[in-house]
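**Q** Quick one, structure for this:
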Amino acid sequence: MEKVRISTQKAPMPSGWYSQAYKLGNMVYTAGVTAADPLTQEIVSPGNIEKQTEQVLKNLQEILVAAGTDLNHVIKTLVFVSDINKFNEFNEIYKKFFPVDPPVRSTVEVGNFLNGMEVEIEAIAVIE
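**A** Numbers count the residues shown, from 1 in each chain. Coordinates of the predicted model:
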């Protein structure tokens with residue numbers, strides 16, 4: 001099975017030495033996606049988990065589209081939040097992007113992110 005690197009300028013470029021995503025067969029595996037604006041590479045709305053969650057999921061959608069799939073085909077997410085006490089605010093935005101049959105999910109509080117970052121999400125999706 002061939003491993004295909006996925007990259008799009010419609011989502012933020014990696015801030016370190018890693019790829020945005022890989023496609024393997026009919027599966028897509030993303031790196032952790034942040035709330036960086038794809039044009040400026042700066043984190044949007046530092047300290048605001050709702051606005052950042054929305055930006056993260058928009059960025060994730062762009063990466064998935066570049067791989068030939070979309071949010072509707074996500075089967076698993078791993079979510080990192082800076083403060084688990086903000087989980088409800090995060091979850092309300094997340095539900096808007098996954099309104100029916102949400103993917104399985106793990107959510108972990110990581111404490112201190114850089115630059116006012118509040119949330120990061122990685123995903124596994126299927127290509128139909």
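
**Q** can you confirm Ala11 is in a strand?
**A** No - with DSSP: H, G, I helix; E, B strand; the rest coil as the criterion, Ala11 is coil rather than part of a strand.

**Q** That one contacts Asn59, correct?
**A** Yes - in this structure Ala11 lies within contact range of Asn59 using C-beta atoms under 8 Å: 4.3 Å. Just so you know, the C-beta spots here come from the backbone N, C-alpha and C atoms, and that holds for glycine as well.

**Q** who are the neighbours in contact with Lys3?
**A** Contacts for Lys3 (C-beta atoms under 8 Å, 6 or more residues apart in numbering) come out as Tyr22, Lys23, Leu24.

**Q** longest helix in the chain, by residue count?
**A** For the chain, the helix with the greatest residue count under DSSP state H is helix 49-67.

**Q** if we can go back for a sec, pick the one among the contacts of Lys3 closest to Met1.
**A** Closest approach between these and Met1, by C-beta to C-beta: Leu24, at 5.8 Å.

**Q** what's the closest non-adjacent residue to Gly111?
**A** Closest residue in space to Gly111, ignoring its immediate chain neighbours: Ser82 at 6.5 Å, by C-beta to C-beta, 6 or more residues apart in numbering.

**Q** Show me which of the contacts of Lys3 is closest to Ala36.
**A** Proximity of the contacts of Lys3 to Ala36 (C-beta to C-beta) peaks at Tyr22, which lies at 19.9 Å.

**Q** For the chain, which segments are assigned as helices?
**A** Using DSSP H, the helices found in the chain span residues 49-67, 87-97.
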